[in-house]
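Asker: need a structure here:
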Amino acid sequence: MKKQIIVIGLGRFGRSIAKTLHGIGHDVLAIDTDEKIVQGMASEITHSIQADGTNENLLRELGIGNFDIAIVAIGSSIENSVLSTILLKKLGVPQVITRADNNLHGSILEKIGADRVVYPEQEMGERVAHVVTLMDVSYYMPLVHGYGVARLEAPPYLIGGKLSELGFGPKGKWEVAVLLIQREKEIIVTPSQQEIIKDGDNLIVAGNNDRLERLLEEAKKGKPQ
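Answerer: Residues are numbered from 1 along each chain as shown. Model (predicted):
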């Protein structure tokens, strides 16, 4: 469902999220105080304007209360980030998501009413760290400590093996579930344990990080158990 979204702050994070949201079909208004950045975004999203996201009168004029979601992507000033978040909640935005640079910043945002606080640098660091240690994983998203969802481009040592034989599945030795297989244009959701991995498959798996690493190590040795 298409949503009306405002993004305040067009640093790297703000620009990326604004363009992505517009690319998947949402109406996006982005504002920043830097005229050059605003002009550069004009063709990338629905609307972009040079404005101060901490100006209450301006936000009222924009009809901010009619937006479904507001994202405060300001990274250079904690004070402005906090003030903008307060104003957005005051003016009735149902969902306010705010970027935080550290735990103290995040704690303040939670206390003043941010519906969700995100830590882009911290979250990206965690993802990259797991991709480094899980060498055959191309994407990783942490869920809770020690567990996550990973995207695995089927390496040669998995091709031709059944999921059950390799130890995948909630009842398998490693308790690593295969949620989905992308096979060219075909999407196989919750595949059967008898599914055979083919060349070019992409697997979305979920489970304990250590167990996933051990499963891949065992498979690479050619000794799935």
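Asker: Ramachandran coordinates for the spatially most central residue of the chain?
Answerer: Nearest residue to the geometric centre of the chain (C-alpha atoms, centre = their mean): Met141, 7.7 Å. Per-residue torsions, Met141: phi -130, psi 110 (degrees, to the nearest 10).
Asker: and the gap between it and Ile112?
Answerer: Met141 is 27 Å from Ile112, where distance means C-beta to C-beta, to the nearest Å. (Each C-beta comes from the backbone N, C-alpha and C, glycine too.)
Asker: Quick check: bridge partners of the residue nearest to the centre of the chain?
Answerer: Counting by DSSP bridges, Met141 is bridged to Val149.
Asker: That one and Val149 touch, don't they?
Answerer: Yes - with contact defined as C-beta atoms under 8 Å, Met141 counts as touching Val149 (4.8 Å).
Asker: what touches both of the two?
Answerer: Here Met141 and Val149 have no joint contacts, going by C-beta atoms under 8 Å, 6 or more residues apart in numbering.
Asker: how about stretch 177-197: buried residues?
Answerer: Using 16 or more other C-beta atoms under 10 Å as the burial criterion, the residues of stretch 177-197 that qualify are 177-178, 180-181, 183, 191, 195, 197.
Asker: Could you single out the nearest of the residues you listed to Val118?
Answerer: Comparing the buried residues of stretch 177-197 against Val118 with C-beta to C-beta picks out Leu180 as the nearest, at 24.7 Å.
Asker: Leaving out sequence neighbours, find the closest residue to that closest one.
Answerer: Once flanking residues are discounted, Leu180 sits nearest to Ile204: 4.3 Å by C-beta to C-beta, 6 or more residues apart in numbering.
Asker: Please name the residues that touch the residue nearest to Val176 when sequence neighbours are not counted.
Answerer: Nearest non-adjacent residue to Val176, counting by C-beta to C-beta, 6+ apart: Gly207, 3.6 Å away. The neighbours of Gly207, taking C-beta under 8 Å, 6+ apart as the test, are 147, 174-177.
Asker: one more time with 6 Å
Answerer: Residues near Gly207 by C-beta atoms under 6 Å, 6 or more residues apart in numbering: 175-177.
Asker: do the same with Gln193
Answerer: 163-164, 169.
Asker: need the helices for this protein, in chain order.
Answerer: For the chain, the helices defined by DSSP state H cover 12-23, 35-41, 56-61, 78-90, 103-111, 120-133, 163-166, 209-220.
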